[in-house]
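# 3D model of this:
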Amino acid sequence: MRRFLTPIIIIIALVIYSSIVVVQEGSRGIMMRFGKVQRDSDNKVKVYEPGLHLKLPILDSLTLLDARIQTLDGKADRFVTVEKKDLLVDSYVKWKISDFGRFYTATGGGDKNLAANLLQRKVGDRLRSEIGTRTIKDIVSGTRGELMEGAKKSLNSGEDSTAELGIEVVDVRIKQINLPDEVSSSIYQRMRAERDAVAREHRSQGKEKAAFIQADVDRKVTLITANANKTAQQLRGEGDAAAAKLYSAAFGQEPEFYSFVRSLKAYQTSFAGSDNMMLLKPDSDFFRFMQAPKK
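Residues are numbered from 1 along each chain as shown. Have a look, this model is predicted:
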């Protein structure tokens, strides 16, 4: 009898073990029976909260869904502003499941990849709508916060909201905004042309001011030089007059000495060159001071 009791106990234990399922904290469960989703009396998908639950062995299977906040980090996409300018916008979305039954049916049994694709499509449409009503300046430095808040609000309560997927969008964030390469090139060329034009204008104004300053300086230098020359000539004339007066007074007292000095200057001037030649009589008055004194 004991030989048959042990296998029966083991079978009963296995049946009990396979009849108990555990839903971990942070998850929700959807029970399938014969491949169909179990529903409650209101024909809504029955959602199993965290804890222990019973199921029929072999007939029932439990699918777990993540109830935590999740991140959808897609690749950068191209958007068009109100100015018809292209932008590459890199964004991410924080979301969670708000209706597990609807999420399960809308995503083909809780397929995360399908859910991500559907959500990414809706997020792209909302961002495209929000960006399409703003300029590049508003998006980059102005109303980016309003843009993200508007996209979040539209995703949760708009006509094509994520509620039909059983998803609630917690946050929408724009990580980075770039210009496409072809647009960046044209913008940089235009900016360079504008800066070159400004630089040429500044250089032209600088040359004009430099010419004006140089002309003013030249005028002042000419005026100062003329005044200096005038003063110098005046002082030189006064000095020559004073010297002539002194010479006249001095030589008037000694006429013979004055004649001697003038003769010396004449000799110096006449014999300054090595090839000078003069034909004069020995008793010429020119050599009067070179002759021996008369006794």
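# Verify the stated contact: residue 24 with residue 50.
Yes: between residue 24 and residue 50 there is a contact under C-beta atoms under 8 Å: 6.3 Å. Using the backbone N, CA and C atoms, a C-beta is placed for each residue, glycine as well.
# got the contact list for the closest residue in space to residue 126 that isn't next to it in sequence?
Using C-beta to C-beta, 6 or more residues apart in numbering and skipping the chain neighbours, the partner closest in space to residue 126 is residue 151 (4.5 Å). Residues in contact with residue 151 (C-beta atoms under 8 Å, 6 or more residues apart in numbering) are 123, 126-127, 130, 172.
# Then residue 66?
26-27, 97 are the contacts of residue 66 under C-beta under 8 Å, 6+ apart.
# can we see that at 10 Å?
24, 26-28, 96-97, 110, 112 (C-beta atoms under 10 Å, 6 or more residues apart in numbering).
# Please enumerate the shared neighbours of residue 24 and residue 50.
Shared contacts of residue 24 and residue 50 (C-beta under 10 Å, 6+ apart): residue 67.
# out of the contacts of residue 66, who has the most neighbours?
Within the contacts of residue 66, most neighbours by other C-beta atoms under 10 Å means residue 97, with 24 neighbours.
# For the closest residue to that one other than its chain neighbours, what is the enclosing helix or strand?
Among residues not flanking residue 97 along the chain, residue 103 sits closest, at 4.8 Å (C-beta to C-beta, 6+ apart). Per DSSP states H and E, residue 103 falls inside helix 100-106.
# Give me the mean pLDDT for that helix.
In this model, helix 100-106 carries a mean pLDDT of 87.
# Which helix or strand lies directly C-terminal to that helix?
Following helix 100-106 toward the C-terminus (DSSP H and E): helix 112-131.
# which residues of the stretch 151-295 of the chain fall in helices?
Here the stretch 151-295 of the chain has its helices, by DSSP state H, counting those that start in this stretch, at 181-253, 255-270.
# Which among the ones you listed is found nearest to residue 81?
helix 181-253 (10.8 Å; C-beta to C-beta).
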